[in-house]
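Participant: Model the structure of this input:
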Amino acid sequence: MKLTRQQLKNLISEVLNVNESIADLGFVNQGLLKAGLSNIKPEHAQNIRDFINNELKITNSEFNKILGMKGKLKPLYDAYVEDTNIEKFIKGLREKLSDFLG
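Facilitator: Got it, this is the predicted structure:
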């Protein structure tokens, strides 16, 4: 059985619990994140990228788990859209994603 580079990377990531940056996430996850970040102010999008890269420190498989938390995270986004308070948004993300914080 041959493994593709991505399959090998995913296997290593899960076995070694490698913390990844946005650039290391899978192609689909990068696309989903890019699409989501395009809906907020550019300077705030950078704050979210910094939070993910420097504080969240997740693996690609953990990112997939976070995608499954859409119902819990959507109210945070809705509140952000209403008042555009990025600090409040990131604080809410910290609380909801506390299990993933490095």
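Participant: remind me which residues of this protein are low pLDDT?
Facilitator: Where the chain drops to pLDDT under 70, the residues are 1, 10-20, 102.
Participant: again, only this time at 50
Facilitator: 17 (pLDDT under 50).
Participant: In it, spot the helix with the most residues.
Facilitator: Across the chain, the longest stretch assigned as helix under DSSP state H is helix 70-83.
Participant: and that one, what does it pack onto?
Facilitator: helix 86-96 (3 or more Cβ pairs under 8 Å, 6 or more residues apart in numbering; DSSP states H and E). C-beta here means a position set from N, CA and C on the backbone, and glycine is covered the same way.
Participant: Which elements pack onto the helix it packs on?
Facilitator: Going by 3+ Cβ pairs under 8 Å, 6+ apart, helix 86-96 lies up against helix 42-50, helix 70-83.
Participant: Just send these back as CSV, with mean neighbour count too.
Facilitator: Shown next, in CSV, are those (neighbours: other Cβ atoms under 10 Å):
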stretch, mean neighbour count
helix 42-50, 14
helix 70-83, 12
